[in-house]
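Peer 1: Next come a sequence and a model predicted from it.
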Amino acid sequence: MFQGPSNRRFLFYSTFADVKHLVIFLTVILFFTSWQHRPFKEFHIAGPAQGTVYRITYYAQDNLVTQAQVDSIFNSLDSSLSLYKPYSQVNAFNNSDTGVRTDIHLREVVRKAQEMYTATVGAFDITVWPLVNAWGFGVQKITDVPDAAAIAAIMPCVGAGKLKWSAEVLKKQLPCVQLDVNGIAQGYSVDVLARFLESKTIMNYMIELGGEIRVNGRKQPGNTAMKIGIESPGNHPFSPSLVKKVLSLNSGAVTTSGSYRRFYESNGRRITHIIDPRTGASIQNNLISVTVLAEDAITADALDNALMVMGLEKGLRFAEASGKIEAYFIYRTSRGSIADTATAGFYSFIER
């Protein structure tokens, strides 16, 4: 008599516990299902950085990044790579006689720059800083453009082959060897920000820093491709720039280098800020701008400068043969009009 009722009570309690666990399980499932299907929102962060401005747009269900976090990243980058911060590591290297121990930022930038130096046969050279200063585009002010003798005196200080590594220590062959990271640092900074966003599980974003852009994913909630406009410089230096092409991307980086913004006139000759490190001269070719599409911004940033140095024909051949980038060239014809051309693969990214 006693055993029967006891078993029934146990069966009742066991069934009740199972039902309770099932309800909790279903509640958790419903919660996560509803959380996963919450709509994406558009978030914006912007501010000054590296002598220009940055803009970040990302799509997520919650606000996952603060401006303070982004500004902290830029402070770290400036402490390493800014030529305008006396305490930066790149300035410590430039002011040293033999070299310095590098942090992660300077190390990654220099190693990538050495890779680009080899790939472009010297058209991209991170040791061009003494020439940049001599032509008046660095921190030093000049009163006269350098003559052939002045350039010849500087050239022994230029050449990425004069940089050597000993573990994490970057060494220089001569005390006068100095780094100019301006042709690659902003692209690297964009990549650092992209890695930070992705570490926060943000996979749909657009980052812009001074015209250097990297995108991943698509606009939400409409699930449309990211759009990037390419400027067309006017015929006059002070003419307003118009959007010449619109690119549609799901991932990758877009950077542009041009000779139409930073320049000065000397004896009827236009002196641009883009210096050919192989000759020491300010470039004098028909290119107005080069836009590069690459997997990451540091590659695109380095190569848009290198292609400007190469000139239209050599630059186009290099880009076509690389198999890793696409490039778009705006140039001035022999008749003075503005024309454009691109690698074959570039056209597939143009919004029709």
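Peer 2: Received it, and whenever you're ready, just let me know what you need. Numbering: from 1, shown residues only.
Peer 1: Which helix or strand lies directly C-terminal to the helix or strand of the chain with the lowest mean pLDDT?
Peer 2: Ranked by mean pLDDT, DSSP states H and E, the weakest helix or strand in the chain is helix 3-36, scoring a mean of 53. Counting by DSSP states H and E, the next helix or strand C-terminal to helix 3-36 is strand 41-49.
Peer 1: immediately after that next one, which helix or strand?
Peer 2: Taking DSSP H and E, what comes next after strand 41-49 is strand 52-60.
Peer 1: which other helices and strands contact that following strand?
Peer 2: Contact here means 3 or more CB pairs under 8 Å, 6 or more residues apart in numbering; DSSP states H and E; on that basis strand 52-60 packs against strand 41-49, helix 67-81, helix 185-199, strand 205-209. Bear in mind the C-beta positions are built from the backbone N, C-alpha and C, glycine included.
Peer 1: I'd like the mean pLDDT over the first one, please.
Peer 2: In this case it means strand 41-49. Strand 41-49 carries an average pLDDT of 96.
Peer 1: One more: the second one?
Peer 2: Across helix 67-81, the average pLDDT comes to 97.
Peer 1: quick one, that helix and strand 52-60 angle?
Peer 2: Note on geometry: by axes from the mean of the first three to the mean of the last three CA atoms, to 10 degrees, helix 67-81 and strand 52-60 are set 130 degrees apart in direction.
Peer 1: Next, the residues that contact whichever helix or strand comes after helix 67-81 from outside, please.
Peer 2: Counting by DSSP H and E, the next helix or strand C-terminal to helix 67-81 is helix 89-95. Residues from elsewhere that reach helix 89-95, judged by CB atoms under 8 Å, 6 or more residues apart in numbering: 79-83, 85, 99-100, 102-103, 105-106, 129, 170, 172, 178-179, 181.
Peer 1: partners of residue 53 in the sheet?
Peer 2: Going by DSSP bridges, residue 53 is paired in beta bridges with residue 48.
Peer 1: My read is that it contacts residue 45, right?
Peer 2: No. Using CB atoms under 8 Å as the test, residue 53 is too far from residue 45 to be in contact (11.2 Å).
Peer 1: out of the two, which sits in the busier spot?
Peer 2: Set residue 53 next to residue 45 and count neighbours by other CB atoms under 10 Å: residue 45 wins out with 19 against 12.
Peer 1: Looks like that one contacts residue 65 (just checking).
Peer 2: Yes. With contact defined as CB under 8 Å, residue 45 counts as touching residue 65 (6.5 Å).
Peer 1: Look up how far residue 278 lies from residue 298.
Peer 2: Distance from residue 298 to residue 278, counting by CB to CB, to the nearest Å: 22 Å.
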